[in-house]
Structures are given as structure tokens and as C-alpha cells.
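J.: need the 3D shape of this:
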Amino acid sequence: MASEDFVSQIMSKNVITVDASEKVLKALQIMAEKGIGSVVITENGKPVGIITERDIAKKLVQDKNTLDKKVKDVMSKPLITVSPDTGIFEALQIMRKNNIRRLPVVSGGKLEGIITEKDLLYWVLKVAYAPYPPP
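T.: Residues are numbered from 1 along each chain as shown. Here you go, the predicted structure:
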């Protein structure tokens with residue numbers, strides 16, 4: 001791994017958020033509209049949780065009223081995050097250890113981006129097919 005392989009290089013910077021007071025249905029509508037599988041939940045502008053399509057589906061099977069609940073009552077918490085200067089391999093280890101597929105990137109309490117399994121796959125392929133030794 002090169003010394004410059006940090007989360008900040010491969011993260012998506014345009015993270016879609018939903019306020020903790022919104023209903024689950026609203027979060028699901030946003031995910032469908034944007035073609036994404038999750039949204040980061042914020043309170044007073046700070047990231048506090050995450051909710052995924054999978055989370056909603058699991059909760060919906062248990063409780064048919066899930067869509068009417070507030071996202072803060074359904075979101076995954078505490079929010080597991082990394083900083084922009086976290087190494088990519090370390091981020092992968094955190095995701096595996098916690099059995100998560102998305103990892104918000106936070107600096108000074110501010111949401112900077114998100115790294116997903118897809119981002120990691122692209123990084124792995126880039127590293128695997130990069131010429132060795134580097135020029």
C-alpha cells in the first residue's frame with residue numbers, strides 16, 4: 001500500500017443526509033430518488049446515525065408501522081466513522097470487524113464523505129492492476 005492511500009482519496013464527498021426528526025418513509029423516498037442504499041442521519045447538522053434499505057426492510061418485517069416512525073428510532077447507532085486521513089486498508093478492517101458496508105468520513109464533527117464497499121472494490125482493483133514497481 002502506498003503512503004498516499006487514504007480514505008479521503010476514494011470517498012464520495014456528496015453524502016445525502018436526513019434529519020433525525022424525519023420519518024422513515026421520507027428517508028426511503030430519498031434513497032429511491034437518488035438511487036442510493038443509505039442516508040446518514042444528522043441532528044443539528046452533526047452525523048449521529050445511518051439508515052439503509054436493509055435496515056428498513058428488517059424493521060418493516062417486525063413492525064408494519066416502521067415507515068411512520070422517525071429515522072432516529074430506526075437508524076443504526078452509534079455511528080461508526082473514520083477520519084479523512086485513515087488508511088484505506090484500516091477502513092476496510094473497521095468495516096469487516098463491525099460487519100458494515102458503509103463508513104462515514106468525519107472530521108471535527110463534520111461529515112466530509114462516505115466510503116462504501118464499492119469504493120473499496122475499485123481501490124483493490126486499482127492496486128491489484130497497478131504496474132509494479134511503481135514508475
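
J.: what pLDDT does the residue most central in space within the chain get?
T.: For the chain, the residue sitting closest to the mean C-alpha position, by C-alpha atoms, centre = their mean, is Arg102 at 3.3 Å. Here, the pLDDT recorded for Arg102 equals 95.

J.: Pro135 now?
T.: pLDDT, read off for Pro135, is 61.

J.: is the residue nearest to the centre of the chain in contact with Thr52, as I believe?
T.: Yes. Arg102 lies in contact with Thr52 (C-beta atoms under 8 Å); the separation is 7.1 Å. (Glycine included, C-beta is placed from N, CA and C.)

J.: quickly list what's touching both of the two.
T.: Contact criterion C-beta atoms under 8 Å, 6 or more residues apart in numbering; residues shared by Arg102 and Thr52: Gly37, Ser38.

J.: what's near enough to touch the residue lying closest to Ser76 once chain neighbours are set aside?
T.: Setting aside the residues directly before and after it, Ser76 is nearest to Ile50 in space (C-beta to C-beta, 6 or more residues apart in numbering), at 5.3 Å. For Ile50, the contact set (C-beta under 8 Å, 6+ apart) comprises Ser38, Val39, Val40, Ile41, Met75, Ser76, Leu79, Arg102, Pro104.

J.: residue contacts, the fifth one?
T.: Read that as Met75. The neighbours of Met75, taking C-beta under 8 Å, 6+ apart as the test, are Ala20, Ile41, Val48, Gly49, Ile50, Ile51, Asp55.

J.: please repeat the previous calculation with a cut-off of 10 Å.
T.: When contacts are counted by C-beta atoms under 10 Å, 6 or more residues apart in numbering, Met75 is found next to 18, 20, 24, 27, 38-41, 48-52, 55-56.
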